[in-house]
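>>> Need a 3D model of the following:
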Amino acid sequence: RFSELISVSLMLLGIGPIFVNERETKMDAMILSSKKGKIAMTYAKVLSIFIFIVFLNIVFATINFFEFKILYGLKGSGLPLYAIEAFQYTPLNCSVGAFYCFNSLLNIIGMFSFGLFISFFSSIFRRVVYTYMLSILFFVLGLYSSGYLASVESKKMLSSLISPFTMLKAEQLYSNLLGCRIANMFYLRASIGIVIQIITIIIIFLMIYFFGTKMEFKVRKRHFRKEVN
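So this is what the prediction gives:
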């Protein structure tokens, strides 16, 4: 949990200014001087966010693994996951080591979704302090909503699956057979959450692209007025 908190803090510091700096340093006009500059820059920044998040997860997952190995002498990574008492009712049929890697993958999905929300806030505000404030508020609300993961109420369960921070709770997602019924079919809540986060990532990326294009239009309009005057 502590490493995840550090990762989120580094994401806020690293991703928050990613679009705001363009307007503060007047780089937006220079970017627009090249053909499809804003579009290419948006793709590049989203890719850099993904690489940054993958890097953070690999580093902290490696540190945590060796830390626990040194302190407790970890063994049995090839044992089935249900051999652990806390996961005796797990729906997964994989080894402990494979689940640890899968846990890192879920963290990447959840953090990437949160990272795109941060970049979206950065794309619509001219001051980075507003991006930080909204990102922290979203973090608190999302973390609170993820606490309803095991709720039997549909609204609370849905709010937890929408929260990207639910992906950071793999031990709760897969320690028990948590699911819901949709159209007389049983689905794992973890699977539904993954699908929701992938859809959210696509939607937020399109919103960033839309606001980037909107800002491009405003800058070109401002430059055109200056030339006319």
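>>> Quick one: name whatever helix or strand follows the least confident helix or strand in the chain by mean pLDDT.
Using mean pLDDT, DSSP states H and E, helix 27-32 stands out as the lowest-scoring helix or strand of the chain, at a mean of 53. Using DSSP states H and E, the helix or strand that follows helix 27-32 in sequence is helix 37-72.
>>> And that next one, what does it pack against?
helix 2-15, helix 27-32, helix 96-124, helix 189-228 (3 or more CB pairs under 8 Å, 6 or more residues apart in numbering; DSSP states H and E). Placement of C-beta: from N, CA and C, glycine included.
>>> Could you tell me the least trusted of these?
Lowest mean pLDDT within the helices and strands packed on helix 37-72: helix 27-32, a mean of 53.
>>> coming back round to it: kindly compare burial across the helices and strands packed on helix 37-72 and name the winner.
Highest mean neighbour count among the helices and strands packed on helix 37-72 (mean count of other CB atoms under 10 Å): helix 96-124, with a mean of 21.
>>> what's the angle from that helix to helix 37-72?
If you take axes from the mean of the first three to the mean of the last three CA atoms, to 10 degrees, helix 96-124 sits at 140 degrees to helix 37-72.
>>> could you say what helices and strands helix 96-124 packs with?
In this structure, helix 96-124 packs against helix 2-15, helix 37-72, helix 128-145, helix 170-175, helix 189-228, with contacts taken as 3+ CB pairs under 8 Å, 6+ apart.
>>> And these: which comes nearest residue 161?
Residue 161 sits nearest to helix 189-228 of all those, at 4.4 Å, using CB to CB.
>>> what's the closest of the helices and strands packed on helix 37-72 to residue 150?
When those are compared by CB to CB, helix 189-228 sits nearest residue 150, at 8.6 Å.
>>> Give the buried residues for stretch 131-146.
Buried residues in stretch 131-146, counting neighbours by 16 or more other CB atoms under 10 Å, are found at 131, 132, 134, 135, 138, 139, 142, 145, 146.
>>> Now do the same contact list for residue 196.
Residue 196 makes contact with 161, 162, according to CB atoms under 8 Å, 6 or more residues apart in numbering.
>>> ok, it to residue 163 distance?
Separation of residue 196 from residue 163 (CB to CB, to the nearest Å): 9 Å.
>>> my read: residue 58 touches residue 104, true?
Yes - shown here, residue 58 and residue 104 form a contact pair, counting by CB atoms under 8 Å, at 7.4 Å.
>>> any idea which of the buried residues of stretch 131-146 is closest to residue 65?
Closest to residue 65, out of all of the buried residues of stretch 131-146 and judged by CB to CB, is residue 146, at 24.1 Å.
>>> Having no further points to raise, I will conclude here.
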